[in-house]
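In: coords please:
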Amino acid sequence: MEMIMRFNDSSDDVEIITKNESGNILGKLVNIKECANELVKVCSIDFDNLEINNLDGNLLYFNRKSKTENYIIRFPERKIKCTYDSKGYSIVHPNTIFKLEVDSASKRYQNIQAYCYKEYKGIKTELYLYPFPNMLGSNSICTGTISRDATDPMIAILNVIEGNYTHSTTACKKYKKTLDFFKAIKKEFPYEVLEKNGMSLGALIKK
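Out: Predicted coordinates for the structure are as follows:
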């Protein structure tokens, strides 16, 4: 079998074109995770450590080891809806990079880390502390009772940031109270309140 994989910097999908032994040519679009699975099948190799870098798309990095899959995803600024103290809020979520650690067998995430950025510059992108409530140590998000299903990592992220926030304080020095913070980011996000993390995207990938 022959295989061609075509990447496009305007999409996270990968176009796969295969030619079988009969000469038939087939084409399909898959996501980066399915692309990795296709490589495993065609090469007939059980990869112990597979890495894919795609610094021009939103799925920036994928690494699969025997029991764990790691995803680094760029999540540009956008409006989201969430709840706090039984009340709904429409807020501006800042430019963020998420790192997901997923159990390969159960497809459930074990940890989600979050880092903000002001300007995207590839591996040189400077990272800042994620200022939202529900933060734990080591840049990890407290997800509470939210589903840990990570069959689709992007949906897993949306479920977390658009869920119910339970912590009354944030990781933002200027707006410590969650209610004050949500009011401040109702129409736009004030990037000047972000604190430097001391790490770049390149360092996060190598971590």
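
In: Quick one: name whatever helix or strand follows the helix-or-strand element of the chain with minimal mean pLDDT.
Out: Comparing every helix and strand of the chain by mean pLDDT, DSSP states H and E singles out strand 50-53 as the least confident one, with a mean of 64. Following strand 50-53 in sequence order, the next helix or strand is strand 59-64 (DSSP states H and E).

In: any idea of the pLDDT on Lys173?
Out: The pLDDT attached to Lys173 in the predicted structure is 95.

In: mind listing what it touches?
Out: Residues counted as contacts of Lys173 (C-beta atoms under 8 Å, 6 or more residues apart in numbering) are 193, 195. Where you see a C-beta, it was placed from the backbone N, CA and C, and this is true even at glycine.

In: my read is it is in a helix, agree?
Out: No - secondary structure of Lys173, determined by DSSP: H, G, I helix; E, B strand; the rest coil: coil, with no helix assignment.

In: for stretch 120-135, the distance to its chain's centre please.
Out: Centroid displacement of stretch 120-135 relative to its chain, using C-alpha atoms, centre = their mean, to the nearest Å, is 12 Å.

In: For it, buried residues please.
Out: Buried residues in stretch 120-135, counted by 16 or more other C-beta atoms under 10 Å: 120, 125-135.

In: how about the helices in this protein?
Out: For the chain, applying DSSP state H gives helices covering 32-43, 153-161, 178-184, 201-206.

In: list the helices and strands the shortest one packs on?
Out: If contacts are counted by 3 or more C-beta pairs under 8 Å, 6 or more residues apart in numbering; DSSP states H and E, helix 201-206 sits against strand 59-64, strand 68-75, strand 96-103.
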